[in-house]
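1. following is a predicted model, sequence given first.
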Amino acid sequence: MGLIPDEHKQHLREEFEKKLEDEVRIVVFTQETECPLCKQARELAQEVGTLSNKVKVEVYDFVKNSDEVKEYRIDKVPAIAILGRKDYGIRFYGLAYGYEFKPFTEAIINVSKGATTLSEETRKKLASIKKPVHIQVFVSLTCPYCPLVTSLAHQFAFESDLIRADMIDANEFPHLGQKYGVMGVPKTIINEKFEFVGAAPEELFVQQVVLAQKTSKMYV
């Protein structure tokens with residue numbers, strides 16, 4: 001019995017068949033010890049990889065594969081990067097499961113299609129960004145409001161080469177939750193200094209991103 005129910009697998013097969021265009025790489029980083037969710041993260045990615053011949057899965061060890069860790073700028077595990085024609089800076093830290101499974105599959109589709117569902121106005125604002133932006137979205141896998149913020153952050157990263165966006169499971173990385181004062185989710189941190197809690201709509205979220213990069217003096 002896999003992590004994805006059989007009926008959901010069939011639905012995803014059909015969705016991928018209709019929507020996937022270019023090849024997508026799911027790059028997973030795990031380690032053998034001190035990583036309770038690494039095994040499930042790898043298995044989840046591999047299950048998704050069986051649902052379309054356009055989805056390829058690569059697995060690397062966080063300790064042994066230091067070159068890949070450096071290349072993809074991975075700093076914790078489990079980690080998953082979604083890549084297409086290039087690395088768009090889309091990252092999942094923790095298990096992309098529960099409510100976060102939807103933004104996981106959405107990221108695969110967006111990367112494959114080479115397009116997002118963002119408004120034209122949002123894309124114009126993202127195109128105006130001139131400095132690097134790092135978005136961290138803290139979530140819980142049981143939070144129904146978190147996927148919206150995760151999805152928007154990853155779409156922002158797709159649209160701008162200067163943005164990278166991380167989904168972070170606050171329960172899997174409690175030390176980061178403590179560091180950033182995560183008392184509720186979703187909580188979004190932008191360039192270490194701007195933050196907000198809750199499912200901000202697209203218009204408000206992109207305004208915060210633009211403001212953060214205008215006042216940022218360093219790459220985070």
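-> Cool, got the structure. Being a predicted model, the structure only gives us computed values, none of them experimental. Numbering: from 1, shown residues only.
2. so what secondary structure elements neighbour the helix or strand of the chain with the lowest mean pLDDT?
-> In the chain, the helix or strand scored least confidently by mean pLDDT, DSSP states H and E is helix 202-215, which has a mean of 91. In terms of contacts (3 or more CB pairs under 8 Å, 6 or more residues apart in numbering; DSSP states H and E), helix 202-215 is packed against helix 120-127, strand 133-139, helix 146-159, strand 187-190, strand 194-197. C-beta coordinates here come from the backbone N, C-alpha and C atoms, glycine included.
3. so what touches that helix?
-> By CB atoms under 8 Å, 6 or more residues apart in numbering, the residues outside helix 202-215 that reach it are 118-119, 121-122, 125-126, 128-133, 135, 149, 152-153, 156, 162-163, 188, 190-191, 193-194, 196, 200.
4. dump the residue contacts of Lys130.
-> Contacts of Lys130 (CB under 8 Å, 6+ apart): 162, 213.
5. tell me how far it lies from Ile163.
-> Noted for Lys130: a distance of 12 Å to Ile163, by CB to CB, to the nearest Å.
6. for this protein, just list every one of the helices.
-> Under the criterion DSSP state H, helices of the chain are mapped to 6-19, 38-49, 66-71, 101-113, 120-127, 146-159, 174-179, 202-215.
7. so which of those helices is the most surrounded?
-> helix 146-159 (a mean of 26; mean count of other CB atoms under 10 Å).
8. hmm, who's touching it?
-> Contacts of helix 146-159 (CB under 8 Å, 6+ apart): 82, 88-90, 99-100, 102-103, 106-107, 110-111, 116-118, 122-123, 126-127, 133, 135, 137, 139-140, 163-167, 185-186, 188, 199-200, 202, 205-206, 209.
9. now do that helix, average pLDDT.
-> Taken as a whole, helix 146-159 carries a mean pLDDT of 98.
10. show me what contacts the closest residue to Arg164 other than its chain neighbours?
-> Spatial nearest neighbour of Arg164, chain neighbours left out: Gly89 (3.2 Å); criterion: CB to CB, 6 or more residues apart in numbering. When contacts are counted by CB under 8 Å, 6+ apart, Gly89 touches 157, 161, 163-165.
11. going through those residues, which ones are buried?
-> For the contacts of Gly89, a burial check counting by 16 or more other CB atoms under 10 Å picks out 157, 163-165.
12. return the closest of those residues with respect to Pro174.
-> For the buried ones among the contacts of Gly89, the minimum distance to Pro174 (CB to CB) is 21.1 Å, reached by Ala165.
13. what residues are bridge-paired with Val29?
-> No Val there; residue 29 is Phe. Tyr60, Ala79 (DSSP bridges).
14. which residues are in contact with it?
-> Taking CB under 8 Å, 6+ apart, one finds 59-62, 65, 68-69, 72, 74, 77-81 in contact with Phe29.
15. with Lys56 instead?
-> Lys56 touches 23-26, 49, counting by CB under 8 Å, 6+ apart.
16. Val48 versus that one, what's the distance?
-> 11 Å.
17. related to what we said a few turns ago, closest to Gly2 among the buried ones among the contacts of Gly89?
-> Among the buried ones among the contacts of Gly89, and counting by CB to CB, the member closest to Gly2 is Ala165, at 27.5 Å.
18. Thr33: neighbour count?
-> For Thr33, the count of nearby residues is 6 (other CB atoms under 10 Å).
19. how close does it sit to Lys39?
-> The separation that Thr33 has from Lys39, given CB to CB, amounts to 11 Å.
20. perfect, that will be all.
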